[in-house]
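Student: Coordinates for the following, if possible.
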Amino acid sequence: MDQNALKQAAAQAAIAYVPDNTIIGVGTGSTVNFFIAELAKIATRIKAAVSSSEASTKLLKEAGIEVLELNDAGTLSIYVDGADEITHHMHMIKGGGAALTREKIVAAASEKFVCIADQSKLVDVLGKFPLPVEVIPMARSYVARELVKLGGHPEWRMKDGKAVVTDNGNWILDVRGMAITNPVSVEVAINQIAGVVTNGLFARRGADVALLASPDGVRKLGA
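Tutor: The predicted structure follows:
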C-alpha cells in the first residue's frame, strides 16, 4: 500500500469515533484531509466542526460542514488529527504543517483526542522528527539561543527563501538533535521561554486513541 492508501485507511477508521449530533474538532495535514473527505459523507450526522487551520476550514466548508469558532462551540466531543511522531505512551510531536498552536488549543478543548497516522509514525523516543516551536517574530533569535542551551539545534523554517508564517502571524523554529526521553518536562521547559507561543510536543495532553495504518490493517492504541 502507498502512503495515501494508508492515510485513507486511518481516516476511515476514525469515522467510527465521531459521535452523532455533536461539534467536533478537526486538525490539519495530509492525513486529516482524507478524514475531512470521509467526514463529508456523514456531514448531516454532526452539528458542526471547529478547525485548527485556515486550510482545514476551507476544506470543511467545501464539504458542506459548518465551521464554528472555538469560543462559540464550548467543549468538543472529539478531536481528530495526525502526528509527525507518536509513542506508545501517546506522546506526540506535531506541527510539521505549522498549525501546532491552534491544534494544541483545540485538542485541549476536546473530551477525546483521536490520532490518525500510518504505522511509520510510531517511535520509541521522540525527536528524530524536528520539533517545531512557534515563536513571536521579535523573539526568534533569543529563543533560538535558549533552545541551544537545552541541547537542540534550531533552524528557522523557510520556504522559497521566505520565512514560513503561521496562521497566527508568527514564525517557526525546527529543533533538531534532541532525543526527547521526558517529553512532558521538555514541553514545559520550552513553553517557559519568553517569546515562545507553544511547541509541538503534545505530551501534557496527548492522544487518547491512536489509529495507525499498515498494510496489515489499522492498529489501535489506547482506550
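Student: Quick one: neighbours of the closest residue to Gly74 other than its chain neighbours, just the number.
Tutor: Excluding the flanking residues, the one nearest Gly74 by Cβ to Cβ, 6 or more residues apart in numbering is Ile23, at 7.6 Å. Bear in mind the C-beta positions are built from the backbone N, C-alpha and C, glycine included. As a burial measure, Ile23 scores 21 neighbours (other Cβ atoms under 10 Å).
Student: got the contact list for Ile23?
Tutor: Ile23 sits next to Ile46, Lys47, Ala48, Ala49, Val50, Leu68, Ala73, Gly74, Leu76, Ser77 when contact means Cβ atoms under 8 Å, 6 or more residues apart in numbering.
Student: any idea which of the residues you listed is least confident?
Tutor: Ranked by pLDDT, the contacts of Ile23 bottom out at Gly74, which has 92.
Student: on that earlier part again, name the residues linked to the residue nearest to Gly74 by a beta bridge.
Tutor: Ala48 (DSSP bridges).
Student: Could you check how far it is from Lys61?
Tutor: 15 Å (Cβ to Cβ, to the nearest Å).
Student: on that earlier part again, would you format the contacts of Ile23 as JSON lines with neighbour count and distance to Gly151 included?
Tutor: Listed next are those as JSON lines, based on neighbours: other Cβ atoms under 10 Å; distance: Cβ to Cβ, whole Å:
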{"residue": "Ile46", "neighbour count": "19", "distance to Gly151": "43"}
{"residue": "Lys47", "neighbour count": "14", "distance to Gly151": "45"}
{"residue": "Ala48", "neighbour count": "16", "distance to Gly151": "43"}
{"residue": "Ala49", "neighbour count": "26", "distance to Gly151": "38"}
{"residue": "Val50", "neighbour count": "26", "distance to Gly151": "35"}
{"residue": "Leu68", "neighbour count": "15", "distance to Gly151": "41"}
{"residue": "Ala73", "neighbour count": "19", "distance to Gly151": "39"}
{"residue": "Gly74", "neighbour count": "10", "distance to Gly151": "40"}
{"residue": "Leu76", "neighbour count": "24", "distance to Gly151": "35"}
{"residue": "Ser77", "neighbour count": "18", "distance to Gly151": "39"}
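Student: Now flag whichever of the residues you listed is closest to Val186.
Tutor: Relative to Val186, the closest of the contacts of Ile23 is Leu76; by Cβ to Cβ it sits at 26.7 Å.
Student: so the closest one sits right up against Ala109, yeah?
Tutor: Yes - counting by Cβ atoms under 8 Å, Ala109 is a contact partner of Leu76 at 5.6 Å.
Student: any common contacting residues for the two?
Tutor: Gly25, Val50, Leu70.
Student: Narrow these to those in helices?
Tutor: Counting by DSSP state H, the part of the shared contacts of Leu76 and Ala109 found in helices is Leu70.
Student: between the shared contacts of Leu76 and Ala109, which is closest to Val197?
Tutor: Leu70 (16.2 Å).
Student: thought the closest one was touching Val50?
Tutor: Yes - between Leu70 and Val50 there is a contact under Cβ under 8 Å: 5.0 Å.
Student: what residues do the two have in common as contacts?
Tutor: Joint contacts of Leu70 and Val50 (Cβ under 8 Å, 6+ apart) are Leu76, Val106, Ala109.
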